[in-house]
Structures are given as structure tokens and as C-alpha cells.
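Chemist: sequence? don't have it. structure:
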DNA sequence: TTGCAAAAGTGACCGCGGTCAATAACGAAC
DNA sequence: GTTCGTTATTGACCGCGGTCACTTTTGCAA
């Protein structure tokens, strides 16, 4: 039986998170260094690692919060009526992840659909994303705007695969005057979802 | 104008690669440490980094060679006639990558289809894989065993996306008595390739 | 043979994530 | 208040990838 954490601990955790968020704001995710965080938070290095498994654990909380916010946005936008609409719904997520390789790597590492740790924010986001997509796809199937045969769950997971594919390619080139990821996504979605003519 | 490398340099490079390969054989990819490599090769640390951009650069050569070997196998097996056949052709690749997360991460980082550096072994492998798949799919389209509408190139890239998806999920659970990745792949391929009934 | 510039190799050094035995702060019981 | 077991924090230390000013080796040319 684990005991409730003391007040001091909660404060320390909050301090660490807010400092980390500030640093990310200033320097981006890949600019975040543990030593900076603890210095600005006024705690020792070991403290950070008693609150978070490792640097990724800290990042996972920050990123998880952001992804949750994005999902809230998607959810409140409601089910799209066609494939371009779906692409548009996914664009903010794509743009967010595309901004920094660190986000992509972390999400990929935790992308275990229906994974073991339900308290992990990131993992929860993934299940939520897939569930939301599956629901949308079900509506769209009912409306006849996408093909009927594969179950919505499978279609949803496929979309996640394409999201990652597009992002993977995105990070492989120095995207100078490159098309935004959402543009690249659409052909895959069309081929994956469009009903046979 | 860069000059031809001296004999000594080629020997050193070969020595580093053979030592690294031996260590991978013994300890696996994730067990490879730079300090071990240089110690056993009898050179200084800096030498390694004058031959390879970083640790990943060294690994990329080793992994690239292996992937090339796998592609040779795929190529000599010839085009499959149906979707289970295709799955079977892809299984060795999947099994190889599934053996160690390091392989997956590295391949993903270099998976820039048609990327800038054609001399990079890994990048070359990717273009080759996509080209091979596209060729196969073209045959299969001609034979009518898969759907006709999307161009083979797009279908091939989609398959790569599913390969990575399946592997990503694979690494997210401790695969105790888990189904091998190839099993997980098949439903996606069916939904992606099967002609409408 | 010897002189010399470019190529190859060296290893002390650094950055940074992560550990752990030791220590301090907390809060419940008396 | 004092005591005492638990919880929280500390910071010196480590591992390991990567750097760079310097030394050694090489092979061409005088």
C-alpha cells in the first residue's frame, strides 16, 4: 500500500514541470537539458529522477498534455463528412509533431496501442485517438462516404500508421520549402478509405 | 577534389567494421559500445569518428549490409502471387528488425524515401525495397490478385508504413508469448490490397 | 635521400543523462 | 515538545558518446 505523497513533493513536481515547460517554450523540446531544469527549479539532479523515470518521462508528461489538448480540439470539432475534412482534422496534430523530432520519437516509443500503463498520459492519448478515429469512421461508413468492408478499428489504426509514415519521411529531409505533412497524408487516406468507384 | 584514401585507412575501416560485427554477433546491436570497438580494434576513439559520423553511422553500415542481404533474398524469391505470399516474403525482414529496437530506430531515422545521400547503404536499401515492392505489386495488379486503382508506388509506400506500424506496436509490449509481427501485418495488407468483393 | 604537406591517428577532455548511499525534512504518536 | 519511522532530497560520481588540438605516418617531388 503506497501512501499519499507529501505536500512538499507535489510542489516540487509542479515546479519541475513548470520550469520544464518554460524552457521548452524558449528553446524547444530538443533544447531541454536536465541540468538546466534542476538548476532553474532549485533542486538537485537526483530529485528530478525520483519524480520521473528519465528525461523522456518528463517530456512525456509535457507532450501528453499537449496531445490531450489537441485531442480535445479534434473531439469538439466533431466528425468530418469526407476525406478532406478528415485530413483537416488531423492537420493540427501533424503540425505539432512535425515541429520537433523529439516529439515524434517519444510518441513512437509510447505508441503501444492499448498498452500496459493506463496512467501514462501519452499511452492514454493513443488509445483515445484511435477510439475517436474509429468512432468518426463508423459515422462516415454509415454515411457512405468511405468504404464499408474493413472494421473502423482497423481503419483507424491504419490512419495512425500513415500519420507516422508521413512524419517519418518529413523528418528525413531538410524541409526547406516542402509541402506540409498534411498535404502528403491525403493520398494515403484517399487510397485507404475511398470506396471503390 | 578529394584524394583516394590510403591503404592504411581502408585497413583501419575494415578492422573497425569486422570488430563491430563480431561484437554485434556476441552482444546484439544494443550491446555495442564505441569504447569496446576501438579497444578491440586497437585504435583510438577519435579514429572511429573520423571513419563514421557517429555511432549510428557505424551501425548503419552493418545494418545496411544485412538489409541488403535480406533484399537479395526477397528479390531472388520472385514476385508473390497473392497476399499471404507477400506476407511471407516480408516476414524475414520483419523478424530481423523485430530482434532489436536499435535496428528499428535507425531504419526509421534513415527511411527518407529517395533521400539525398545515395551512397548511404541504408537509404539505398529503402529505395530498393520500395522499388521492388512496386514492381511486385504491378505484377499482382496485372494478375488481378490485388486492387487496381492506386498506383503501385503508393501501395508500396503504404506497405512500408504498415511494416513500421506493426514493428512500433511490437516494441511497445514485452513480447512474451506474442504473435510474431508478420501475423499482425496480414490484416493491414488485406485491407490495403484486397480488391473489392 | 631527404624535405614536406597532406592524410591518418591519438587521447585527454567535455557534455549530459542517470545512480545511489548518505542526509534532511516531515508528520504521527505519545 | 521529543521521538522515530517514513518520505523526500542531495550531490558526488559514473558511463558513454563525441570533439579537437596535436603527433605520427605516408608518399610524392626535388
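Modeler: The structure has been received and is ready for your questions. Treat the numbers as computed from the prediction; the structure is a model and nothing was measured.
Chemist: roughly how far does the closest residue to DNA strand D within chain A sit from residue A:24?
Modeler: Nearest residue of chain A to DNA strand D, counting by C-beta to the nearest atom of the strand: residue A:46, 1.7 Å away. No exception for glycine: its C-beta is placed from N, CA and C like everyone else's. For residue A:46, the distance to residue A:24 (C-beta to C-beta, to the nearest Å) stands at 22 Å.
Chemist: ok, these two, which is more surrounded?
Modeler: residue A:24 (20 against 9; other C-beta atoms under 10 Å in any protein chain shown).
Chemist: what helix or strand is the more buried one on?
Modeler: Element membership for residue A:24 (DSSP states H and E) is helix A:7-27.
Chemist: so is the helix or strand following that helix next to DNA strand C?
Modeler: Using DSSP H and E, the next helix or strand after helix A:7-27 towards the C-terminus is helix A:34-41. Yes - in terms of C-beta under 7 Å from any atom of the strand, part of helix A:34-41 sits within range of DNA strand C, namely A:34, A:35.
Chemist: how distant is helix A:34-41 from the center of its chain?
Modeler: 25 Å (C-alpha atoms, centre = their mean, to the nearest Å).
Chemist: quick one: contacts of it?
Modeler: With C-beta atoms under 8 Å, 6 or more residues apart in numbering or on different chains as the test, helix A:34-41 has contacts from A:12, A:15-16, A:19-20, A:22-23, A:44-45, A:47-48, A:55, A:58.
Chemist: so stretch A:179-193, near chain B or not?
Modeler: Yes - residues of stretch A:179-193 contacting chain B under C-beta under 8 Å from any C-beta of the partner chain: A:187, A:188, A:191, A:192.
Chemist: let me see the confidence value for the residue nearest the centre of chain A.
Modeler: The centre of chain A sits closest to residue A:67, judged by C-alpha atoms, centre = their mean, with a distance of 4.6 Å. The per-residue pLDDT reported for residue A:67 equals 97.
Chemist: wait, it sits on residue A:124?
Modeler: No - the pair residue A:67 / residue A:124 is not scored as a contact, 9.4 Å apart, by C-beta atoms under 8 Å.
Chemist: low-scoring stretches of chain A, by residue?
Modeler: Counting by pLDDT under 70, chain A has low-confidence residues at A:1, A:112-119, A:176-177.
Chemist: what about the strands in it?
Modeler: Here chain A has no strands by DSSP state E.
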